[in-house]
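Undergrad: no sequence on this one, just coordinates:
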């Protein structure tokens, strides 16, 4: 999985029928120093993530195990809202500090 | 999924039998600032996308869940025509503005 | 899928039993301007592609839907011989012009 | 699989139900000279790896064969703790030397 | 598939139970000029490849079709020992010349 930050939304009315009801968020990946990179994905949000939150993104066909994604052509999904990231015993991110 | 722009078509008469009837479009990926990148895919179009439209592309084996792609060796599919992309509460793209 | 050009062959006598009878071609990917890139794959050829022809290559587990690839550990396959590629209403490639 | 070094942890309370009980570790990939690269993954730890240990990481849908990952949307898993890596008959890494 | 050269071995005693008996080799990918690149994989060896031999590596979930890999969390496997690689009718590699 990759660590990413929620940046925005994609709206579409004309789409694959199986995408009905799926919220699509633009997430940008975070590098190992905590900085946002230009690399992004449009991911199905199954956990109710909010703008600027740090999230965990799973990609590829394992997303079929995400609740409600089983039969959808979704190749990326937000599977968790991150509380903390710790590297070498040092905090890199804490959700509490953002509030 | 990735955001891409429809750029053209690929035509083939001699192909895998299961590809019969599949429209193949060349799409170039769009970066996080809305610019087209050199990175492209040839994607099966299941939503009737037109030239220069912004679309959502799903890749890998999850494309098997796209209507009519189930038993086809297709590793990329256009699954939605994009209406709007919003980043940090600012509009990046609006289909209406293109008309 | 990606657009590629057939560059050569790989021959192996000692291999996975399920690879018997599979023709293995070296293909180099073509960029969005029609130029060959250094990026290559060794792909199973199921359509009888010839040297220097432009072909369509599918990668990943969707290749299991290629005729005769179902139970083979093949992660890339040539699924079509390309007749034409058109970008922004301009021809990028036409097989007829090569003959 | 890729060789990686365990760098830290990710904690999340609000997540996909199927992720309950999965320990999530941040691993950074090691290059062919033994140096850590900026490339990382958040991987499910099924072998009890410790900080700074060298581990083997498997990615993609094959992780469904990892014990206890079968029905989880996990696209990367630590599948082994590495004892030794030998390149061209020279030792690159030995776990014993780290203790 | 990708062309690679066998460079070394990875040994692990503490690992996923399903990895028992799988020989793990470090392979470095070869570019289109025949040179070794820094890009590597740790691949399951199912064909008995030796040090410095050129091999064919398959990645992703298609490795489940490799004999004895079916239920293992292996995302890369050596599926053939290469005899010859020919590019544009010129030999790039011949196993016989190495002996």
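TA: Right, received. Where do you want to start? Worth saying up front: this structure is predicted, and the values here are computed from it rather than measured. Residues are numbered from 1 along each chain as shown, chains lettered A, B, ... in the order given.

Undergrad: only C-alpha atoms from now on, for both contacts and neighbour counts.
TA: OK.

Undergrad: name the nearest residue to the residue of chain A found nearest chain C, ignoring sequence neighbours.
TA: Here the residue of chain A nearest chain C is residue A:61; by Cα to the nearest Cα that distance is 9.7 Å. Closest residue to residue A:61 apart from its sequence neighbours, by Cα to Cα, 6 or more residues apart in numbering or on different chains: residue B:62 at 5.5 Å.

Undergrad: now the residue most central in space within chain A: how far from residue A:41?
TA: Central residue of chain A (Cα atoms, centre = their mean): residue A:78, 3.5 Å from the mean position. Remark: distance between residue A:78 and residue A:41 (Cα to Cα, to the nearest Å) = 10 Å.

Undergrad: I'd like to know how far the residue lying farthest from the centre of chain A sits from chain D.
TA: Distance to the chain centre peaks in chain A at residue A:89, reaching 24.5 Å (criterion: Cα atoms, centre = their mean). Separation of residue A:89 from chain D (Cα to the nearest Cα, to the nearest Å): 7 Å.

Undergrad: cool, and residue A:60?
TA: Counting by Cα to the nearest Cα, the gap from residue A:60 to chain D is 7 Å.

Undergrad: quick check, pLDDT for the single nearest residue of chain A relative to chain E.
TA: Across chain A, no residue is closer to chain E than residue A:61, which sits at 9.7 Å (Cα to the nearest Cα). Residue A:61 carries a pLDDT value of 71.

Undergrad: could you check the pLDDT of residue A:4?
TA: Residue A:4 is assigned a predicted lDDT (pLDDT) of 98.

Undergrad: pLDDT wise, what is residue A:71 at?
TA: Reported pLDDT for residue A:71: 74.

Undergrad: which ones are touching the residue lying closest to it once chain neighbours are set aside?
TA: Closest residue in space to residue A:71, ignoring its immediate chain neighbours: residue B:65 at 5.8 Å, by Cα to Cα, 6+ apart. With contact set as Cα atoms under 8 Å, 6 or more residues apart in numbering or on different chains, residue B:65 has these partners: A:71-73.

Undergrad: what's the neighbour count on residue A:90?
TA: Residues near residue A:90, counting by other Cα atoms under 10 Å in any protein chain shown, number 9.

Undergrad: hang on, the earlier thing: closest one to residue A:22 out of the contacts of residue B:65, please.
TA: Within those, the smallest distance to residue A:22 is 9.3 Å, found for residue A:72 (Cα to Cα).

Undergrad: secondary structure of that closest one: a strand, I assume?
TA: No - counting by DSSP: H, G, I helix; E, B strand; the rest coil, residue A:72 is not found in a strand; it is coil.

Undergrad: what about it, neighbour count?
TA: By other Cα under 10 Å, the residues close to residue A:72 number 21.

Undergrad: try the one 4 residues further on
TA: Other residues near residue A:76 number 28, with proximity taken as other Cα under 10 Å.

Undergrad: same thing with residue A:24?
TA: By other Cα under 10 Å, 23 other residues sit near residue A:24.

Undergrad: low-confidence regions, chain A specifically.
TA: Low-confidence segments of chain A (pLDDT under 70): A:64, A:67-70, A:99.

Undergrad: just the helices in it please.
TA: A:95-98 (DSSP state H).

Undergrad: any idea how far the nearest residue to residue A:4 once chain neighbours are set aside is from residue B:73?
TA: Excluding its sequence neighbours, the residue lying closest to residue A:4 (Cα to Cα, 6+ apart) is residue A:29, at 4.1 Å. Noted for residue A:29: a distance of 29 Å to residue B:73, by Cα to Cα.

Undergrad: pick out whichever of the two has more residues nearby.
TA: It is residue B:73, of residue A:29 and residue B:73, that has more neighbours when counted by other Cα under 10 Å, with 27 against 22.

Undergrad: thought the more buried one was touching residue C:58?
TA: Yes - under the criterion of Cα atoms under 8 Å, residue B:73 makes contact with residue C:58 at 6.8 Å.

Undergrad: burial of the closest residue to residue A:3 other than its chain neighbours, as a residue count?
TA: For residue A:3, ignoring the flanking residues on the chain, the nearest one in space by Cα to Cα, 6+ apart is residue A:56 at 5.0 Å. Counted with other Cα under 10 Å, residues neighbouring residue A:56 total 21.

Undergrad: and the nearest residue to residue A:96 once chain neighbours are set aside, backbone torsions?
TA: Nearest residue to residue A:96, sequence neighbours excluded (Cα to Cα, 6+ apart): residue A:83, at 7.4 Å. Main-chain torsions, residue A:83, degrees, to the nearest 10: phi -90, psi -50.

Undergrad: residue A:83 touches residue D:11, doesn't it?
TA: Yes - Residue A:83 is within contact range of residue D:11, at 5.5 Å (criterion: Cα under 8 Å).
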